[in-house]
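Peer 1: Have a look at this fold, sequence not included:
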């Protein structure tokens with residue numbers, strides 16, 4: 001574990017192996033890691049779970065919120081008892097400015113959701129797995145923001161054939 005400057009960990013919190021903490025506050029009952037990274041401005045309330053390969057930066061996770069794996073939460077506020085699914089990213093930087101995401105209480109953020117800030121997800125709302133959320137989600141609503149799947153019969157076979165032929169041709173030149 002690495003404890004950088006400005007870290008406060010309250011009694012009863014658990015910091016698991018290989019985690020990196022800097023400029024953050026971890027409240028009692030919170031569980032961090034393994035392999036988590038808390039960057040400056042990370043504030044974890046009581047009973048928050050931040051799991052493996054989760055990075056938190058300049059964000060508040062309120063009581064009982066969970067981000068258990070493979071997630072980036074930056075410049076955000078996550079309401080109490082909200083679940084953040086694996087692979088979720090708060091897309092907080094547009095190349096010039098940082099923007100905030102606000103996620104309400106008891107929300108469910110489906111796996112592999114991209115929250116393009118500034119955006120809010122209301123209390124009790126959900127996002128469907130794989131969604132790219134660019135508009136506010138009202139309380140209690142389900143946001144589905146992904147393109148409909150289209151299968152192109154035989155196209156993978158054709159592409160693989162073309163790529164293998166190219167590879168064979170290039171190997172012959174070596």
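Peer 2: That came through fine. On a predicted model such as this, the values are computed, not experimentally measured, just so you know.
Peer 1: So residue 16 is in contact with residue 32, correct?
Peer 2: Yes: assessed by CB atoms under 8 Å, residue 16 is found in contact with residue 32 at 6.4 Å. All C-beta spots, glycine's among them, are computed from the backbone N, C-alpha and C.
Peer 1: residue boundaries of the helices in the protein?
Peer 2: For the chain, the helices defined by DSSP state H cover 155-173.
Peer 1: mind showing which ranges of it have poor pLDDT?
Peer 2: Applying pLDDT under 70 to the chain flags residues 173-174.
Peer 1: swap the cut-off to 90 and go again
Peer 2: Low-confidence segments of the chain, defined by pLDDT under 90: 1, 95, 147-149, 171-174.
Peer 1: before we move on, the earlier item: could you check which of residue 16 and residue 32 has the larger neighbour count?
Peer 2: Each of residue 16 and residue 32 has its neighbours counted (other CB atoms under 10 Å); residue 32 has more, 27 against 15.
Peer 1: my guess is the more buried one meets residue 17, correct?
Peer 2: No: at 10.4 Å, residue 32 does not count as touching residue 17 under the criterion of CB under 8 Å.
Peer 1: For residue 144, give its distance to residue 61.
Peer 2: When distance is defined by CB to CB, to the nearest Å, residue 144 is 25 Å away from residue 61.
Peer 1: Quick check: closest non-adjacent residue to residue 125.
Peer 2: Leaving out its chain neighbours, the residue that sits closest to residue 125 by CB to CB, 6 or more residues apart in numbering is residue 137, at 4.6 Å.
Peer 1: Residue 77: what's it in contact with?
Peer 2: 59-60, 62, 100-103 (CB atoms under 8 Å, 6 or more residues apart in numbering).
Peer 1: ok, so what distance separates it from residue 108?
Peer 2: Using CB to CB, residue 77 is found at 16 Å from residue 108.
Peer 1: And residue 11, by the same measure?
Peer 2: 31 Å.
Peer 1: Counting neighbours, go ahead and name the busier of those two.
Peer 2: Under the criterion of other CB under 10 Å, the comparison of residue 11 against residue 108 puts residue 108 first, with 18 against 7.
Peer 1: So that one is in contact with residue 126, correct?
Peer 2: Yes: contact criterion CB under 8 Å: residue 108 and residue 126 qualify, at 4.5 Å.
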